[in-house]
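J.: build the 3D model from these lines:
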Amino acid sequence: MGPRFVAHDPSDGGYAATSPANLGRRLKSECPPRTLVIPTTAGDLAPLQEPQEPAMPDTHSTPQLEPWQWGEEQWRKLVGQVRAGRPYRPKAWKDGARCAVALSFDSDHETNELRDGGKSIGRLCWGEYGARVGVPRIARLLDKHGVKATFYVPAVAALLHPEEQRRLVAEGHEIGIHGWIHELNSVLPYEAERDLMLRSADTLEKITGRRAVGLRTPSWDFSPNTLAIEKEMGLLYDSSLMADEDCYELLLHDEPSGVLELPVEWVRDDAVYFAMHRFSSLRPYTPPTDVLEIFRRELDAAWEDGGVFQLTMHPHIIGYRSRIWIVDELIRHAKAKGKVWFATHEEVARYAKEHAAGEAA
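T.: Okay, the predicted model is just below:
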């Protein structure tokens, strides 16, 4: 079986499983070269690569069906693993607000490099910038406007920067689960994914003194087991999927899970527009002014609909001098419109679930 290819995550600046280093390591381990040793004229021994024999197809194994050959049962089963259930949309938000604004920051820090076994000092320093400069700058801006936000933190990043998490909690912000080392859930066996999610929650609680009630999977990478583990953990909400623009209940194999989804979207993610990788073709291609316009139009539409405006950002991406003003302008714009409720993801999820459920009844 060849190397596994996974979806591109702009926030880490490259392809996780398809990076040259990862592919090289995997190919080396799975396909070690065979060698012959023959004497040279000098009497020494020198290795000589043996020509590889072409791989022959196994005519006895069960052939893999192409998607167009799948029966209805198979594709329905795949689609039905996790689905959107009942909507959770209040008639009005807290204190009669017309729109809820939920700002979030994925504090990946050094785990963007560590998760793939990377050892680049430069990229580790890029992650450190997020903790050293990005988070303090974001926190000062939020404090200036009196706005609370949610920070999703991998456990390893929290262990590297524990005081950062304690300060954020003390200032009224929410800390959410974001994996152990920013791993990809979809490539993990069930036991490993469950262990890492539980250990991540325990680690954040030990550092902050509070048990997290929400989870955002690293890279929004959701496995067939993720929702069942979230349900087992008793989490209030997830914020990794994108089947709607409003909050909704997640269905697990067509059954209500009790877990609310506060949906994300790539169009509302700073990494899509600003990601950079020195050794690939990935470069920032959108001017900050255009990114602000995209986010502002999303906010305006959410306000008109009476819905929620959810935004995903990263301290090591949005925290630069030439970009942080985008957050400042968005907050000012929302306040100028009026009847806006700034809240953490936990507050939005709890309010939506309690009030929409009560109105539906």
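J.: which ones are touching residue 281?
T.: Residue 281 sits next to no residue when contact means Cβ atoms under 8 Å, 6 or more residues apart in numbering. For the C-beta atoms, the positions are set from N, CA and C on the backbone; glycine is no exception.
J.: how is residue 257 assigned, secondary-structure-wise?
T.: strand (DSSP: H, G, I helix; E, B strand; the rest coil).
J.: and for it, the neighbour number?
T.: 19 (other Cβ atoms under 10 Å).
J.: per-residue pLDDT of it, please?
T.: Looking at residue 257, its pLDDT reads 98.
J.: for it, give me its contacts.
T.: 85, 227, 230-231, 249-251.
J.: the same query, at a cut-off of 7 Å, please.
T.: 227, 231, 249-251 (Cβ atoms under 7 Å, 6 or more residues apart in numbering).
J.: got it, and residue 99?
T.: Counting by Cβ under 7 Å, 6+ apart, residue 99 makes contact with 93, 302-303, 306-307, 309, 340.
J.: from those, which is closest to residue 272?
T.: residue 309 (16.6 Å; Cβ to Cβ).
J.: any stretches of the protein with poor pLDDT?
T.: Residue ranges of the chain with pLDDT under 70: 1-62, 357-361.
J.: confirm residue 104 sits in a strand?
T.: Yes - judged by three-state DSSP, residue 104 forms part of a strand.
J.: my guess is it meets residue 149, correct?
T.: Yes - using Cβ atoms under 7 Å, residue 104 is in contact with residue 149, at 6.3 Å.
J.: SS state for residue 280?
T.: Following three-state DSSP, the label given to residue 280 is coil.
J.: I should have written residue 248 there, sorry.
T.: Residue 248 ends up strand, using three-state DSSP.
J.: what about it, distance to residue 327?
T.: Separation of residue 248 from residue 327 (Cβ to Cβ, to the nearest Å) stands at 27 Å.
J.: those two: who's more crowded?
T.: Comparing residue 248 with residue 327 by other Cβ under 10 Å, the one with more neighbours is residue 327, at 25 against 22.
J.: could you find the closest non-adjacent residue to that one?
T.: With Cβ to Cβ, 6 or more residues apart in numbering as the criterion, residue 327 has its nearest non-adjacent residue at 6.0 Å, and that residue is residue 141.
J.: for the helix or strand hosting residue 141, buried residues please.
T.: Counting by DSSP states H and E, the element that carries residue 141 is helix 135-145. Judged by neighbour count (16 or more other Cβ atoms under 10 Å), helix 135-145 contains these buried residues: 135, 137-139, 141-142.
J.: the chain: strands as residue ranges?
T.: With DSSP state E as the criterion, the chain has strands at 35-39, 45-49, 82-88, 99-106, 150-153, 174-177, 214-215, 237-238, 247-252, 255-261, 308-313, 340-342.
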